[in-house]
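1. I would like to see how this sequence folds:
(2 chains)
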Amino acid sequence: MAGVGNRVLAGTDRALDLLRELPRLSLSNIRSNPKAFKRNKRGRGQHGGKKHGAGNKGSGQRQNFMRLGYETGNNPFYLRVPKEPYYKGHHIRREYPPISLMQLQTLIDTGRLDTSKPIDLTALCNTKLFQLSPFENQYGFQLTDEGLDNFKGRINIEVQYAPEQVIAAIEKNGGVITTAFYDAPSLIAMRDPMKFFASGTPIPKRQMPPENAVEYYTDPKNRGYLADPDLVALERFKLAQKYGYELPDLKKDPELLPMMLERKDPRQIFFGLNPGWLVNLKDKKIFEPEDEQLLEYYRS
Amino acid sequence: MDLRNFCCLRRLLISSTSCSRAYLSGFKSNLSLDKLYPTSRLDITTIPKAPESKDGKFSGYIPMDKIQVNYVRSGGPGGQNVNCVSTKTEVRFHLASADWIPEPIRVKLAERVKNQISKEGYFIVKSERTRSQQLNLADTLDKLRNLIHSVAQSLVVPEVSEETLERQRRLRERAARERLKEKRAHSMTKQGRQSPTLDS
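-> Below is the predicted model of the structure:
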């Protein structure tokens, strides 16, 4: 056995030792594994052999093929099943699993959601009561208006869709609501942060919404995360007039104000963590890139 | 983007055993709101000043402290829900002393809804359109606002030009002439059906 002195090498060590002795790799000293490719046995004949790949008898050998989809006379599948416009693009449509205001209130009342911190998709998934499956075209949560009249929580919440009356209900109680978009890789990171951190991947940067969603997320009426905050303030006032309540002054509560105004950057996924950072849970350390190129990439 | 391939030193940023508010990184990318809207004050907490209803024009603003909102039970079928849940919304206010409505509009409104004003002078608007209190309240306020706006609209006298007035006068006179012509022709037809007499 190969060895250095008297020491016997095995496995990886032996392989590395061999590598040190062997000549440089080139085309002349490598070959494919046996049976990696099939040699043409009968290479004679212009199109490769006796029957030229056409088989025996039938329309195949006689070059009289039936058209694609033909089912020898009966009504073929592609004519039998009608086309329906309603399902066009159904596999591309984004889905938003619902969370009702009633459920939200129950979570707040039972203490499963911490109202002293902003509530986002991660917080909702951490309750383990809601599942999100980005692989099934689910792009986040939407708030529904069930339990609209009895909602009393004062929260800073970020969801992916909320109708007007839900926005009114949350703002009436002195809360703040924002609608934000997350792309699929960001969602996979967000729904189970511990698993994501354990994978040893740096935090990705959030992508911009697709074309058909840009209008929604830049509209102050929807409290979009890309909308102008001054216009959002105006819409808050208008909504208060529409739904008949006095718009609460958020500045009256200076202790809660920073929490209420806390917002993520459009490229950020987690509160307090930047894209590009690498979280080491085991050693409880966070690493950040120092290279200028990387910093520029994550900031752009 | 594999960081491990880069030879750059990875700086140890945070080594802590407990999470606290101090970890807020304040990250700002090139797409942060201050770069998207450089002229904006970026403040969602500002409450704009309520538009005033002046010069006899209604601005559309209804002060919520000047009106009373009641929730009562709705009518109709619905079992336990309609019997127990107060979804009907009532908005009432004293019309004569409602200074948030300009005076001429207030007077005209009182005239228009005089059958819906209570003995004490309170105007009541109701809605039980939906199953939700809040949506019914929105509907009630919508009704009230539309009513005040339509009254305001009816008070506005449109400025008509002299040519239009002249044209309207000519058209009226022509219509009268045509009517009389047809009337005479009809009269002749009826007379023609009479049997002739010795004097005609």
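2. for the stretch 101-250 of chain A, what lies in contact range of chain B?
-> For the stretch 101-250 of chain A, the residues in contact with chain B under the definition C-beta under 8 Å from any C-beta of the partner chain are A:145, A:148-149, A:165, A:168-169, A:176, A:202, A:205, A:208, A:226, A:228-230, A:232-234, A:236-237, A:241-247, A:249-250. Where C-beta positions appear, they are placed from N, C-alpha and C, glycine not excepted.
3. of those residues, grab the buried ones for ChimeraX.
-> The following ChimeraX line selects those of those that are buried, judged by 16 or more other C-beta atoms under 10 Å in any protein chain shown:
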select /A:145,148,149,165,168,169,176,202,205,226,228,229,230,232,233,234,236,237,241,242,243,244,245,247,250
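4. low-confidence regions, chain B specifically.
-> Per-residue confidence for chain B (pLDDT under 70) gives these ranges: B:1-25, B:200.
5. ok, longest helix in it?
-> helix B:162-192 (DSSP state H).
6. any idea how far it is from the chain center?
-> Between the centre of helix B:162-192 and the centre of its host chain there is 43 Å, according to C-alpha atoms, centre = their mean, to the nearest Å.
7. same check, this time on stretch B:131-143
-> 12 Å.
8. can you tell me if that stretch touches chain A.
-> Yes - judged by C-beta under 8 Å from any C-beta, stretch B:131-143 comes into contact with chain A at B:132, B:133, B:134, B:135, B:137, B:138, B:140, B:141, B:142.
9. so how many other residues sit close to the second one?
-> One way to gauge burial is a neighbour count; for residue B:133, by other C-beta atoms under 10 Å in any protein chain shown, it gives 18.
10. repeat for the first one
-> Residues near residue B:132, counting by other C-beta under 10 Å, number 20.
11. and stretch B:47-64, end to end?
-> Criterion C-alpha to C-alpha, to the nearest Å; first-to-last residue distance in stretch B:47-64 is 15 Å.
12. how about the strands in chain B?
-> Chain-ordered strands for chain B, with DSSP state E as the definition, fall at B:11-15, B:68-72, B:88-94, B:122-127.
13. for the ones you listed, which one sits closest to chain A?
-> Ranking the strands of chain B by distance to chain A, with C-beta to the nearest C-beta as the measure, places strand B:11-15 first at 4.5 Å.
14. what residues are up against residue B:51?
-> Residue B:51 makes contact with B:59, B:60, B:61 under the criterion C-beta atoms under 8 Å, 6 or more residues apart in numbering or on different chains.
15. how about a cut-off of 6 Å?
-> B:59, B:61 (C-beta atoms under 6 Å, 6 or more residues apart in numbering or on different chains).
16. please tell me how far it sits from residue B:62.
-> For residue B:51, the distance to residue B:62 under the criterion C-beta to C-beta, to the nearest Å works out to 11 Å.
17. and what of residue A:162?
-> Shown here: residue A:162 relative to residue B:62, a distance of 25 Å by C-beta to C-beta.
18. do the same with residue A:156
-> Applying C-beta to C-beta, the value for residue A:156 to residue B:62 is 28 Å.
19. tell me how many other residues crowd residue A:115.
-> 17.
20. leaving out sequence neighbours, find the closest residue to it.
-> In space, residue A:115 comes closest to residue A:155 once its chain neighbours are excluded; the distance is 5.2 Å by C-beta to C-beta, 6 or more residues apart in numbering or on different chains.
21. quick one: contacts for that neighbour?
-> Contacts were defined as C-beta under 6 Å, 6+ apart; by that measure residue A:155 touches A:115, A:119, A:175.
22. what's near enough to touch the last one?
-> Taking C-beta under 6 Å, 6+ apart as the contact definition, residue A:175 lies against A:154, A:155.
23. distance of it relative to chain B?
-> 12 Å (C-beta to the nearest C-beta, to the nearest Å).
24. before we move on, what about the first one?
-> Residue A:115 sits 16 Å away from chain B, going by C-beta to the nearest C-beta.
25. many thanks, I have nothing further to ask.
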